[in-house]
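> the sequence and its predicted three-dimensional model are supplied below.
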2 protein chains.
Amino acid sequence: MGEFDLIARYFKRPARRAALGVGDDCALIQPAANTQLAISSDMLVAGRHFFSDVDPRTLGHKALAVNLSDLAACGAKPLAFTLALALPEVNEPWLAGFSQGLLALADAHDCELIGGDTTQGPLNICITVFGEVPVVGGRSQALLRSGAKAGDDIYVSGTLGDARLALLALQGKLDLPAEVLTRVRARLETPTPRVALGMAIRGVATAAIDISDGFLGDLGHVLEASGLGARIDASNTTKLIAAHAYLTGAKGQFGMGNSDIPGFVLAGGDDYELAFTAPPGRRAAVLSAARAAQTPVTRIGQMEAEPGLRLVDAQGQPVANTFRSFDHFAQ
Amino acid sequence: MGEFDLIARYFKRPARRAALGVGDDCALIQPAANTQLAISSDMLVAGRHFFSDVDPRTLGHKALAVNLSDLAACGAKPLAFTLALALPEVNEPWLAGFSQGLLALADAHDCELIGGDTTQGPLNICITVFGEVPVVGGRSQALLRSGAKAGDDIYVSGTLGDARLALLALQGKLDLPAEVLTRVRARLETPTPRVALGMAIRGVATAAIDISDGFLGDLGHVLEASGLGARIDASNTTKLIAAHAYLTGAKGQFGMGNSDIPGFVLAGGDDYELAFTAPPGRRAAVLSAARAAQTPVTRIGQMEAEPGLRLVDAQGQPVANTFRSFDHFAQ
């Protein structure tokens, strides 16, 4: 099968929202009046972001999910995406699974595949996603990293750390019972981009970011962009991991105890949850947005004028921050 | 050096046209009223699209040039691009050269780097480029592959085949004198995207495509999209290669003769010229557009109602078409 047959069979569908979709030199889209286009690119590399033998259906899901997560962090509504794909060979069952996983998530978010590229090479998936943000009275409603204010509450959505737990289990570094592995593995392989929540907290949240490299590291980008510091309550972190009930009951049974859990939660990575800030006066509005988006949120700290990140225990006493987020080029 | 330092040092510059550039979850752009956004992605893989030891400065140029060429083929004005980069390691001299070559071409076209991704992995460069096409009286001015009419003239810009000649020489398959190699190598490594020509032929050309896989193969996409055939004058193809004077004078001296030249011109690939169609009544307008864009164009054939591609000699007699364009997955 040649390059053009491959595109036609697995990826080409009639253009919907786009003026012109897959199959010309460019795709054409015409954004609505009074909107900004939010754009983000993510590249996934075999052996780095996923195991080479991962189910292609979950890989298709994840490749788009991590991009939709960036739109969510801006409060953008998904519109369309391009896909560039380097493949070692034409493997039709793999392509069928990959395209099904990819397009199922795309359909769930009404996000149209409008173009891209395919080539021979080491497996590499590069997606660029486009979303829409309203401009109201000349002001963009996009959620930026730079908008947090001292005194703002800090929230996280969903659960943190389960993806890291799954990764360690799949790497053979710890044992998990099959039913626990199944649950945390789904968090690693088919994360849920928090698109509905991102749109719901527009106008309520002052800043937002998605958690891909680990909560503390990603929050650090908000601190830097906002020129502020933060205090994080580290005492309740164990409750933020979905596998919490199992972990606390099974302490020590699989090579780790409760003391390892905060590291998973605070610096695990691959969570694709949102971290965001909002004024204490808007707590009811935050909870209302979370309910509307059917996404749990947890208040976990506060922005402070003093630069730096401070972890505290339940009594407000300092806890050492020994957690490091993921950096693609750190040794 | 970590991922974020790398981005800050080599790729981050103040946002210009973009509402928000490199360094948040998404970039934000707000297209002008009455414009469409043209979008294209190209992925370049080491060993497939370039030699691993190529000068990083020319690689930076080429990675963006092949994307701008897609905008040119739509008649779009470049606006912005995203860059996703997988690197085996952080090699600062390489990054310095690559970013200089990339950003120099970007500046020449006022095309802003607004976001992207960096990760560790086999060298892979994925660029998504954004351009602007006017919408006049509700009609998009974009040049599509599907607009050609029977009887339209077929044109190509610039020269064809030199990049292929350079590739064969660099692969050691033929010898070229140093001064000829330098010239054709520049065509392979630093192609000129025909952006000015693409914009100049809006409203004159009926269809356009950029020549990346080889002229005949790429023209085939126009025939398919337009539901037509074409007759191509193969008698003058030797004049379309820039190395023409040298090649015809040196016949046989380096393992090839005149009979090999048509293959380079008609199916060489990596040319990044435009092929386009226009009614015979618009020949003066085509030449005027070419002059305005300071880009030579050559009339090389005619669109016909009968499907299929026919090569003819100077007497209009059929010539066998034995030329195959490049397909990334063909055996």
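Yes, it's here. Residues are numbered from 1 along each chain as shown, chains lettered A, B, ... in the order given.
> in chain A, where is pLDDT below threshold?
A:16-21, A:245-259, A:324-331 (pLDDT under 70).
> longest strand of it?
Among the segments of chain A that qualify as a strand by DSSP state E, the longest is strand A:124-136.
> just how off-centre is stretch A:219-230 within its chain?
19 Å (CA atoms, centre = their mean, to the nearest Å).
> what lies in contact with it?
The set of residues that contact stretch A:219-230 without belonging to it, under CB atoms under 8 Å, 6 or more residues apart in numbering or on different chains, is A:144-150, A:154, A:207, A:209, A:232, A:275, A:277, A:301-310, A:325, B:23-24. C-beta here means a position set from N, CA and C on the backbone, and glycine is covered the same way.
> now do 6 Å
The list of residues contacting stretch A:219-230 from outside it, by CB atoms under 6 Å, 6 or more residues apart in numbering or on different chains, reads A:145-146, A:148, A:150, A:207, A:209, A:275, A:301, A:303-304, A:306-309.
> just the buried subset of the residues you listed, please.
Burial by neighbour count, 16 or more other CB atoms under 10 Å in any protein chain shown: within the contacts of stretch A:219-230 this picks out A:145-146, A:148, A:207, A:209, A:275, A:301, A:303-304, A:309.
> export these to TSV and append columns for distance to chain B.
Converted to TSV, the buried ones among the contacts of stretch A:219-230 look like this (distance: CB to the nearest CB, whole Å):
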residue	distance to chain B
A:145	5
A:146	8
A:148	13
A:207	10
A:209	6
A:275	11
A:301	20
A:303	17
A:304	22
A:309	16
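> and those as CSV, adding secondary structure?
CSV is the format used below for the buried ones among the contacts of stretch A:219-230 (DSSP: H, G, I helix; E, B strand; the rest coil):
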residue, secondary structure
A:145, helix
A:146, helix
A:148, coil
A:207, strand
A:209, strand
A:275, strand
A:301, strand
A:303, strand
A:304, strand
A:309, strand
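> which parts of chain A are strands?
According to DSSP E, chain A carries its strands in the segments A:27-29, A:35-45, A:77-87, A:112-120, A:124-136, A:139-140, A:153-157, A:207-211, A:229-233, A:273-278, A:297-304, A:308-312, A:318-319.
> tell me the angle of the fourth one relative to strand A:77-87?
Taking axes from the mean of the first three to the mean of the last three CA atoms, to 10 degrees, one finds strand A:112-120 and strand A:77-87 inclined to each other by 10 degrees.
> run the chain-centre distance for strand A:112-120.
A distance of 22 Å separates the C-alpha centroid of strand A:112-120 from that of its chain, computed with CA atoms, centre = their mean.
> give me the angle between it and strand B:124-136.
An angle of 140 degrees separates the directions of strand A:112-120 and strand B:124-136 when computed by the same axes, to 10 degrees.
> helices or strands up against strand A:112-120?
Using 3 or more CB pairs under 6 Å, 6 or more residues apart in numbering or on different chains; DSSP states H and E as the contact criterion, the secondary-structure elements in contact with strand A:112-120 are strand A:77-87, strand B:35-45.
> could you list the residues in contact with the longest helix along chain A?
In chain A, with assignment by DSSP state H, the single longest helix is helix A:56-74. Residues lying outside helix A:56-74 but in contact with it, judged by CB under 6 Å, 6+ apart, are A:38, A:40, A:42, A:44, A:50, A:78, A:94, A:97-98, A:100-102, A:105, A:125, A:127, A:129, A:131, A:142-143, A:189-191, A:193-195, A:198, A:208-210, A:272, A:274, B:25-26.
> dump the helices and strands packed on strand A:112-120 to a markdown table, plus mean neighbour count and distance to residue B:265.
A markdown table is the format used below for the helices and strands packed on strand A:112-120 (neighbours: other CB atoms under 10 Å in any protein chain shown; distance: least, CB to CB, whole Å):
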| stretch | mean neighbour count | distance to residue B:265 |
| --- | --- | --- |
| strand A:77-87 | 25 | 29 |
| strand B:35-45 | 25 | 23 |
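> how far away is residue A:230 from residue B:213?
In this view, residue A:230 and residue B:213 are 52 Å apart by CB to CB, to the nearest Å.
> between the two, which is the more surrounded one?
Using other CB atoms under 10 Å in any protein chain shown as the criterion, residue A:230 and residue B:213 rank with residue A:230 on top: 26 against 22.
> could you report the distance from that one to residue A:211?
Residue A:230 sits 14 Å away from residue A:211 when distances are taken as CB to CB.
> cool, and residue A:199?
With distances defined as CB to CB, the gap from residue A:199 to residue A:211 amounts to 18 Å.
> the two - which one has more neighbours?
Residue environment comparison for residue A:199 versus residue A:211 gives the larger neighbour count to residue A:211, 27 against 23, counting by other CB under 10 Å.
> excluding its backbone neighbours, what's nearest that one?
Nearest residue to residue A:211, sequence neighbours excluded (CB to CB, 6 or more residues apart in numbering or on different chains): residue A:271, at 4.4 Å.
> ok, how many other residues are close to that neighbour?
A total of 30 residues lie near residue A:271 under the criterion other CB under 10 Å.
> and if you look at the one 10 residues further on?
For residue A:281, the count of nearby residues is 9 (other CB under 10 Å).
> and the one 4 residues further on, by the same measure?
As a burial measure, the neighbour count of residue A:285 was computed by other CB under 10 Å and equals 16.
> that one contacts residue A:204, doesn't it?
Yes. Residue A:285 lies in contact with residue A:204 (CB atoms under 6 Å); the separation is 4.7 Å.
> chain neighbours aside, what residue packs nearest to the residue nearest in space to the middle of chain A?
Central residue check for chain A by CA atoms, centre = their mean: the C-alpha nearest the mean position is that of residue A:272, 2.4 Å away. Computed as CB to CB, 6+ apart, the closest residue to residue A:272 that is not its neighbour in sequence is residue A:191, at 3.9 Å.
> same question for residue A:115.
What sits nearest to residue A:115 in space, not counting adjacent residues and going by CB to CB, 6+ apart, is residue A:27, at 4.0 Å.
> again, but for residue A:264
Spatial nearest neighbour of residue A:264, excluding adjacent residues (CB to CB, 6+ apart): residue A:161 at 3.3 Å.
> gap between the one you found and chain B?
Computed with CB to the nearest CB, to the nearest Å, the distance linking residue A:161 and chain B is 21 Å.
> quick one, phi psi at that residue?
Residue A:161 has phi and psi values of phi 100, psi -20 when expressed as degrees, to the nearest 10.
> could I get the contacting residues of it?
A:241, A:264-265, A:268.
> of these, closest to chain B?
Proximity of the contacts of residue A:161 to chain B, judged by CB to the nearest CB, is greatest for residue A:268, which lies at 17.5 Å.
> the closest one and residue A:188, how far apart?
For residue A:268, the distance to residue A:188 - CB to CB - is 10 Å.
> so which of those two has more stuff around it?
residue A:268 (29 against 25).
> pretty sure that one sits against residue A:162.
No. Residue A:268 sits out of contact with residue A:162 when judged by CB under 6 Å, with a separation of 7.9 Å.
> returning to that earlier point: put together CSV for the helices and strands packed on strand A:112-120, with distance to residue A:175 on each row.
As requested, the helices and strands packed on strand A:112-120 are exported to CSV (distance: least, CB to CB, whole Å):
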stretch, distance to residue A:175
strand A:77-87, 34
strand B:35-45, 38
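> test my guess that the residue nearest to residue A:272 contacts residue A:273.
No. Using CB under 6 Å as the test, residue A:191 is too far from residue A:273 to be in contact (8.5 Å).
> these two - which one has more neighbours?
When residue A:191 is set against residue A:273 and neighbours are counted by other CB under 10 Å, the residue ahead is residue A:273, at 31 against 24.
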